[in-house]
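Enquirer: fold the following and give me the result.
(chains A and B)
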Amino acid sequence: MKQLGKFVIFIGQLFVRREAFQTYVKLVFEEATKVGYNSIFIVVIVSAFMGAVTTVQTAYNLISPLIADPVIALVVRDMTLIELAPTITAIVYAGKVGSNLAGELGTMRITEQIDALEVMGINATSYLVLPKIIASVIMFPLLVIVAAFVSIYGGYLTALVTGVISGTDYILGIQMDFIPFQVIFAMIKAITLGFIVAAISSYKGFFTVGGALEVGRSSTNAVTSSCIAILAADFLLAYLLAPLLTL
Amino acid sequence: MIEASNISKSFDGKQVLFDISASFQKGKTNMIIGASGTGKSVLLKCIVGLVKPEEGSVYFDKRDFTHAGKELQTEVRREMGMLFQGGALFDSSNVEQNVMFPLNVLTKMSHEEKLERVNFCLERVGLENVNKKMPSEISGGMKKRVGIARAIVNNPNYLFCDEPNSGLDPQTSILIDNLIKDITKEYDITTVIVSHDMNSVLEIGETVIFIHQGRKLWEGANDNIAGSDISELNDFVFASRVMKELKESR
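Expert: Below is the predicted model:
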């Protein structure tokens, strides 16, 4: 409870004694490059295999004369949009970006760079962390869009290469019974998870105490805590939003 | 002028500062000295507001900084410059960007004006043609000088230095000490230096306070430090063989 209270105060600090708007614009662009652009490669690799595996697994589990082949692609699409693209990408993102944010802020803390900002009269929480959170909330949904596209396309290529389903059936399947709200659902998840990873990782890094060992520990804690929070938020959002998919 | 009044501080139930009062004069190099772990850095952090004391107040030219609202605290902080023990330069920025940083955030100067000021400050601390170097590419002494340039770039009224010559060779230490003293006189600012280096104390310490186990035991000018009859201070001052021999020869 003490940690939760400290976290809430930390988030509250983001919005007080802010610097000029222009200062944040530049910082957000820099952070967006770091958290978004630099994560594209790993997201594409993970998503391509995610789509491939989902296609193959679904095909082998739905072998029945009563189930039409396009259903395999429908399952791949729904799983990708509703669950895999936002959640798995968030876990990969926590491992790459979360650990990096915690390490960066932790190092700044132990080398007194954060103290230097405070002494200058700059709200270090707002100056350092707010741009990271804004960049994450903007860039993570874009990464999820890339992940969903690559995953579904990866499934298509796998279908062509392995022959578990024909290309025509796959194309037909991904258009079948499409519910546009799935995309909104994925984006709501992405915005929430983008915030969670950046906020938790920054919090862990910002309050690092000690030396190099503790910076490493903060990075590990950032990833662990982010993953737990991602899964909890995933469940909560599924519970709250899934009924809307059937409307 | 800075006045610390009855400062007490504890961490996890362990008291590290006991009712310390001191005043730091404008235009002078004021030193806080003591052995490692006696609380001098905590006192400095209480003064600059990085740590909030449980009791007591710090006054910057009669303004109660410790109990001030955020606005006044920010206003006072923008009049401060601080040199940290390790330099605390921003790793991802080069020398020029580091020194320019306070101007970028705290002023509305044009880029040309900022660059002119940065070059002036770098020149003042004896650094030229290092603008584009990263902190990882310069020596410890140069880092300290860049730290000083960054601390004075926004014309502060108060300069704080935490162990300014730790980890430096004797020659560079004297250079940094004299630079701090010269800047203090030149800009007529209140400078507070935390150190455990007796060379610095004797070289530039115009007013000195001695902290021992969280308590202020002595206050005076560096000229009088050797004549003190406080045993803890004598143990600290004459800890080295050379100083002991010097004392015995007097």
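Enquirer: name the nearest residue to residue 151, sequence neighbours excluded.
Expert: The chain I'm using is chain A. If you skip the residues right next to it in sequence, A:Ser151 has A:Gly51 as its closest partner in space, 3.5 Å away by C-beta to C-beta, 6 or more residues apart in numbering or on different chains. (Glycine included, C-beta is placed from N, CA and C.)
Enquirer: wrong chain, I was asking about chain B
Expert: B:Gly81 (3.1 Å).
Enquirer: now name the helix or strand holding the residue nearest to A:Ser151.
Expert: With secondary structure defined by DSSP states H and E, A:Gly51 is part of helix A:40-61.
Enquirer: which residues does that helix contact?
Expert: Contact with helix A:40-61 is made by A:72-73, A:75-76, A:79-80, A:84-85, A:88-89, A:92-93, A:96, A:143, A:146-148, A:150-159, A:162, A:164-165, A:170, as judged by C-beta atoms under 8 Å, 6 or more residues apart in numbering or on different chains.
Enquirer: minimum distance to chain B, which residue of chain A gives it?
Expert: Across chain A, the shortest distance to chain B (C-beta to the nearest C-beta) belongs to A:Gly121, at 3.4 Å.
Enquirer: that residue: neighbour count?
Expert: Residue crowding around A:Gly121 was assessed by other C-beta atoms under 10 Å in any protein chain shown; the count is 21.
Enquirer: one more: B:Gln171?
Expert: Counted with other C-beta under 10 Å, the neighbours of B:Gln171 add up to 9.
Enquirer: what's near enough to touch B:Lys26?
Expert: So B:Lys26 contacts B:1, B:188-190 (C-beta under 8 Å, 6+ apart).
Enquirer: make JSON lines out of the residues you listed and add neighbour count, pLDDT and secondary structure.
Expert: What follows is the contacts of B:Lys26, written out as JSON lines (neighbours: other C-beta atoms under 10 Å in any protein chain shown; pLDDT from 0 to 100; DSSP: H, G, I helix; E, B strand; the rest coil):
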{"residue": "B:Met1", "neighbour count": "16", "pLDDT": "88", "secondary structure": "coil"}
{"residue": "B:Asp188", "neighbour count": "10", "pLDDT": "92", "secondary structure": "coil"}
{"residue": "B:Ile189", "neighbour count": "21", "pLDDT": "93", "secondary structure": "coil"}
{"residue": "B:Thr190", "neighbour count": "24", "pLDDT": "94", "secondary structure": "strand"}
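Enquirer: returning to what we had before: and the residue nearest to B:Ala151, that's in a helix?
Expert: No - secondary structure of B:Gly81, determined by DSSP: H, G, I helix; E, B strand; the rest coil: strand, with no helix assignment.
Enquirer: so it touches B:Ala149, yeah?
Expert: No - contact between B:Gly81 and B:Ala149 fails when scored by C-beta atoms under 8 Å: they sit 9.7 Å apart.
Enquirer: find the residues that touch each one of those two.
Expert: With C-beta under 8 Å, 6+ apart, B:Gly81 and B:Ala149 have no common neighbours.
Enquirer: distance of B:Leu168 from chain A?
Expert: Noted for B:Leu168: a distance of 17 Å to chain A, by C-beta to the nearest C-beta, to the nearest Å.
Enquirer: geometric centre of the chain: which residue is closest?
Expert: You didn't pick a chain, so chain A it is. Most central in chain A under C-alpha atoms, centre = their mean is A:Ala90, positioned 2.9 Å from the mean C-alpha point.
Enquirer: meant chain B, my bad for not saying
Expert: For chain B, the residue lying nearest the average C-alpha position, counting by C-alpha atoms, centre = their mean, turns out to be B:Cys161 (1.7 Å).
Enquirer: in chain B, which residue sits closest to chain A?
Expert: With C-beta to the nearest C-beta as the measure, the residue in chain B that lies nearest chain A is B:Arg77; the distance is 3.4 Å.
Enquirer: all helices in the chain, in order from the N-terminus.
Expert: You didn't say which chain, so I picked chain A. Using DSSP state H, the helices found in chain A span residues A:2-13, A:21-35, A:40-61, A:70-78, A:89-93, A:99-110, A:113-119, A:124, A:130-162, A:167-175, A:181-206, A:212-245.
Enquirer: oops, I was thinking of chain B
Expert: Assigned by DSSP H, chain B shows helices spanning B:40-48, B:70-77, B:95-106, B:111-124, B:140-152, B:170-187, B:198-204, B:231-237, B:241-249.
Enquirer: hmm, back to that, neighbours around the residue nearest to B:Ala151, how many?
Expert: B:Gly81 is flanked by 27 other residues according to other C-beta under 10 Å.
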